[in-house]
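Q: Prediction below, plus the sequence it came from.
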Amino acid sequence: MLGLGSSLVYPSALGGPYSVYFDGTGDYIDIGDGLQATIRNNHCFSLWIKPDDGQPSSDQDIFGLVSNREDDVVYCRLETDGKLTMGFNGDGDETVYTTDSAVFSNGATSWTHILYRVKTHAVATTIALWVNGVVTAVTKTGDLAGSNMAAFLPHSGNASGNFFIGGVNWEVPGLTNPYKGHVDEFAVFTNIPGSTSEVVAVYNSGAPFDLTSSNGDYDDPNMGPSTLQVYFRMNEGGGSAVENTGSGSFNGSLTNAVFSTDVPG
């Protein structure tokens, strides 16, 4: 992992002073990697979001990636009815999980923590969602066999093959279904929580903390500091670089999006 000279260290019990704001036109963060090995196995995504409109006029992808051949896809989507959807394609096989009810009401929203657990299996990949530390009911469409998930190939025809935050990286590359709102504390783990108590610990009653350190039930060996591959605290406050303080040997780069002092907690 490359260090940034402007990096700051914050107490583990406190969130940082900045988030990133995306205006819904051409703003995104290229995280610097396609997460191929991570997506092929058990993993989870954790992040704080604050959409400008909880029920936007068109679907908005919060993060994701689509290969040119469209056989390999990952996306997290805010639907026009306020529901959240997580979808995966692996080697042309697809599964989509959508919340049974709206997570967000129409209009302005508050900071919300979401955590997706993705568990691979020989028969089908399963996805669970927690919103503010509470398991949220979802409905599945389609099955994605573990063997097809294991064939996930982000660089198939995609010039960069990297994940975007603020939309989906689709084709040459390009930003698709851009998101409008704030994102903070974006994390990807190479393992999954062993119990809901670990997710509740990450939510921490609405107060983000530094995930590179253990905190109560948030600890190794499941979803803990040692399995934290991607972690963008987004605390730079300026410039175009976003430091990854997880174990991954890559950093993010910001295009058009701006740092904001509107933060969760």
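A: That came in fine, so what should we check first?

Q: Start from the N-terminal end of the stretch 101-250 of the chain and give the helices.
A: Using DSSP state H, counting those that start in this stretch, the helices found in the stretch 101-250 of the chain span residues 146-149, 196-203.

Q: closest to residue 35 out of those helices?
A: helix 146-149 (12.5 Å; C-beta to C-beta). Yep, even glycine has a C-beta here, placed from its N, CA and C like the rest.

Q: neighbouring contacts of the closest one?
A: 39-40, 88, 90-93, 120-125 (C-beta atoms under 8 Å, 6 or more residues apart in numbering).

Q: Now, of those residues, which are buried?
A: Buried members of those, scored by 16 or more other C-beta atoms under 10 Å, are 39-40, 88, 90-91, 93, 120, 124-125.

Q: Inside strands: which ones of the residues you listed?
A: 88, 90, 93 (DSSP state E).

Q: how about the nearest residue to the last one, chain neighbours excluded?
A: Spatially, and ignoring its direct neighbours in sequence, residue 93 is nearest to residue 148 (3.9 Å; C-beta to C-beta, 6 or more residues apart in numbering).

Q: now do residue 218
A: residue 201 (3.9 Å).

Q: pLDDT below threshold where in the stretch 51-200 of the chain?
A: 68-70, 122, 155-160, 171-173 (pLDDT under 70).

Q: ok, 50 please
A: 157-158 (pLDDT under 50).

Q: if we can go back for a sec, what about the residue nearest to residue 93, how many neighbours?
A: 22 (other C-beta atoms under 10 Å).

Q: again, but for residue 205
A: Residues near residue 205, counting by other C-beta under 10 Å: 9.

Q: cool, and the one 3 residues further on?
A: Other residues near residue 208 number 24, with proximity taken as other C-beta under 10 Å.

Q: can you tell me the helix or strand for the residue nearest to it when sequence neighbours are not counted?
A: Leaving aside its sequence neighbours, residue 208 sits nearest to residue 15 (C-beta to C-beta, 6+ apart; 3.6 Å). Assessed by DSSP states H and E, residue 15 sits outside every helix and strand.

Q: Let me know the distance separating residue 15 from residue 111.
A: Distance check for residue 15 against residue 111: by C-beta to C-beta, to the nearest Å, it reads 10 Å.

Q: And these two? Which one has more around it.
A: residue 15 (23 against 19).

Q: what pLDDT does that one get?
A: For residue 15, the pLDDT comes out at 73.

Q: swap in residue 41?
A: pLDDT, residue 41: 89.

Q: I'd assumed residue 215 was in contact with the residue nearest to residue 218.
A: Yes: here residue 201 reaches residue 215: they are 5.9 Å apart, a contact under C-beta atoms under 8 Å.

Q: Between the two, which has more neighbouring residues?
A: Neighbours were counted for residue 201 and for residue 215 using other C-beta under 10 Å; residue 201 has more, 21 against 16.

Q: The more buried one: what's it in contact with?
A: 215-218.

Q: Which one of those residues is nearest to residue 235?
A: Out of the contacts of residue 201, the member with the shortest distance to residue 235 (by C-beta to C-beta) is residue 215, at 17.8 Å.

Q: what's the distance between that closest one and residue 32?
A: Counting by C-beta to C-beta - residue 215 and residue 32 are separated by 26 Å.

Q: what's the answer for residue 149, then?
A: Residue 149 is 22 Å from residue 32, by C-beta to C-beta.

Q: what does residue 76 give?
A: Counting by C-beta to C-beta, the gap from residue 76 to residue 32 is 18 Å.

Q: Between the two, point out the one with more neighbours.
A: residue 76 (22 against 19).

Q: Tell me which helix or strand that one sits in.
A: strand 73-78.

Q: and that strand, what does it pack onto?
A: strand 60-66, strand 84-90 (3 or more C-beta pairs under 8 Å, 6 or more residues apart in numbering; DSSP states H and E).

Q: so what's the residue at minimal distance from the centre of the chain scoring on pLDDT?
A: Closest residue to the average C-alpha location of the chain: residue 45 at 4.7 Å, with C-alpha atoms, centre = their mean. Note on residue 45: pLDDT of 97.

Q: Residue 247: neighbour count?
A: 15.
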